[in-house]
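Q: no sequence for this one, just the structure:
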């Protein structure tokens, strides 16, 4: 099998062989969209790994409440942003079950929405190999921005320059990275729960 | 075969405990022809190149750059396509020459593990009909850069459950990253019994059993895979990207919290188990590649700062069981996961990284 054939097989697998990814423990991912006054995020958490995390805490609260205890944002100077979990749903990706939350991060009055520190340890506080992959919603493919792995739970994020190249972002699992990306895509949402930490 | 390996491990323990030789000598007693010597590996590569046509040589020979170096994975080629010369496409003469390269670079143990893990893939192909790339032919060989006795270059041999990444003439000794795993753990094929990771899993399990008597060795948290492995980046509705070593260079635990117990707190017999576990991994590359690393890992200073930890069941009999050796340079881990083809069974993932000289210290620093 040459490289072309291997890629064709890979494309075939998108629809037909998802269980092979069970080979890899599923990771969380956060897709960000920068708006004028806020940042919206689609937060996907694999249910299998979440179960380990909630069991370790003995947590029995609703997912939105649990998420608000583990997901937050703050200005680079440390002032808390308002966090709203607007909705969530169940979904699957390559045969892994995920909880998908629509979240809106709103900066404090006077603070820019263009730079913040994302804090997330919803799963990583328990599952040591788990990685939170942070992506920027893009017109074509989401751009990879950075990753969080225990014990690191904070990622510095900056609104991208519209002229910045959107390729070539590297990642350092377990370390803090920064960000850039492309045009934001709005995400439909409805109110559910919120917090300001 | 299982009995032979078990006896080897036991013999290794006895030798290590007596302090007379490296346990790897007993784990892997028959050095291969080349034994990892750069000149022997170069000679074998040149012999292979003479058997290849132009497209095949182009597949084999790739630039020594980060993007090529980090392109290894523990996922089937249907998920993470590999690059390089596909071993399953070679004719008999070419295959013999490619095997000469592997023989020159690997120890006899490392070569046998490669063979056995490839056989395991064929076993999976027979029981799992999904077209995801289980196949002993889906293993690849790449030469990154120009083979030389002086300047850095890499030899990669890998596929689904093996990733040998050997860097020659790097600023540091280049045996890592070295990933290996197996599904099934035990199997038979053509009347022969196989257990590809028996030496490594037995050594790590023996270590974990010793650690289990010491509460401070128990690691907190849950382990569903190796901690410093490849990362898949999901793209809903599309093929995931990544699945290679995009996270390199990694950060590693620091301080003394939740890293396990220090080597110096163990009894001499327990310390021997640590060295045996180290050498069970380090015995896979040829001795010329691996010996400088073993010497570094087993120096008194390094061992004094080496932590041992485990989670789950010490006998590795349940998913989530995990054993780790974490020193100033060394990072060796083994985890038990549910099997993919039959999730009522288990399979192993194991990883050896060097915190200073992954990729011979030539990439990403």
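A: Looks like it came in fine. As the structure is a computational prediction, the values presented were derived from the model and not from experiment.
Q: run through the residues of the stretch 101-250 of chain B sitting next to chain A.
A: Listed as neighbours of chain A in the stretch 101-250 of chain B under the rule Cβ under 8 Å from any Cβ of the partner chain: B:130-133, B:137-138, B:219, B:221-236, B:238-243, B:246-247, B:249-250. For the C-beta atoms, the positions are set from N, CA and C on the backbone; glycine is no exception.
Q: now the helices for chain A?
A: Taking DSSP state H as the criterion, chain A contains helices spanning A:3-16, A:47-57, A:63-70.
Q: what angle separates the shortest one from helix A:47-57?
A: Taking axes from the mean of the first three to the mean of the last three Cα atoms, to 10 degrees, helix A:63-70 and helix A:47-57 form an angle of 70 degrees between their directions.
Q: what comes up buried for helix A:63-70?
A: Burial within helix A:63-70, assessed by neighbour count using 16 or more other Cβ atoms under 10 Å in any protein chain shown, is assigned to A:63-64, A:66-68, A:70.
Q: for chain A, what is the nearest residue in the stretch 51-200 of chain B?
A: In the stretch 51-200 of chain B, the residue found nearest to chain A is residue B:81; the distance is 3.4 Å by Cβ to the nearest Cβ.
Q: typed the wrong thing, it's the stretch 251-365 of chain B
A: Across the stretch 251-365 of chain B, the shortest distance to chain A (Cβ to the nearest Cβ) belongs to residue B:251, at 3.9 Å.
Q: that residue is in contact with residue A:148, isn't it?
A: No - using Cβ atoms under 8 Å, residue B:251 is not in contact with residue A:148, being 11.2 Å away.
Q: so these two - more neighbours on which side?
A: residue A:148 (29 against 16; other Cβ atoms under 10 Å in any protein chain shown).
Q: distance check, that one against residue B:246.
A: Computed as Cβ to Cβ, to the nearest Å, the residue A:148 to residue B:246 distance reads 14 Å.
Q: go on, residue A:154?
A: For residue A:154 relative to residue B:246 (Cβ to Cβ), the value is 20 Å.
Q: the more surrounded of the two?
A: residue B:246 (22 against 15).
Q: any idea which element the more buried one lies in?
A: Assigned by DSSP states H and E, residue B:246 belongs to no helix or strand.
Q: just the pLDDT for it.
A: The predicted local distance difference test score for residue B:246 is 86.
Q: that one contacts residue B:71, doesn't it?
A: No - under the criterion of Cβ under 8 Å, residue B:246 lies out of contact with residue B:71, with a separation of 9.6 Å.
Q: so who does residue B:298 touch?
A: Contact partners of residue B:298, counting by Cβ atoms under 8 Å, 6 or more residues apart in numbering or on different chains, are B:275, B:278.
Q: how near is it to residue B:276?
A: Per Cβ to Cβ, residue B:298 is found 11 Å from residue B:276.
Q: repeat for residue A:112
A: 57 Å.
Q: ok, the two, which is more surrounded?
A: Taking neighbours as other Cβ under 10 Å, residue A:112 and residue B:276 compare with residue B:276 leading, 28 against 12.
Q: and that one, how far is that from residue B:207?
A: Relative to residue B:207, and taking Cβ to Cβ, residue B:276 is found at 8 Å.
Q: excluding sequence neighbours, find me the nearest residue to residue B:335.
A: Of all residues not flanking residue B:335 in the chain, residue B:322 sits nearest, at 4.8 Å (Cβ to Cβ, 6 or more residues apart in numbering or on different chains).
Q: how about residue B:226?
A: Spatial nearest neighbour of residue B:226, excluding adjacent residues (Cβ to Cβ, 6+ apart): residue B:351 at 4.4 Å.
Q: pLDDT value on the residue of the stretch 251-365 of chain B closest to chain A, please?
A: Model confidence at residue B:251, given as pLDDT, is 91.
Q: same deal with residue B:26?
A: The predicted structure lists residue B:26 with a pLDDT of 57.
Q: chain B: helices as residue ranges?
A: Along chain B, the segments classed as helices by DSSP H run B:2-18, B:23-27, B:38-51, B:54-60, B:66-69, B:92-105, B:108-127, B:198-211, B:268-282, B:287-297, B:300-304.
Q: among those helices, which is nearest residue B:310?
A: Each of the helices of chain B has some distance to residue B:310 by Cβ to Cβ; the shortest is helix B:198-211, at 4.1 Å.
Q: quick one: the closest one to helix B:268-282, angle?
A: 150 degrees.
Q: so for helix B:198-211, mean pLDDT?
A: Mean predicted lDDT for helix B:198-211 stands at 97.
Q: off-centre distance for that helix?
A: On the basis of Cα atoms, centre = their mean, to the nearest Å, helix B:198-211 sits 16 Å off its chain's mean C-alpha point.
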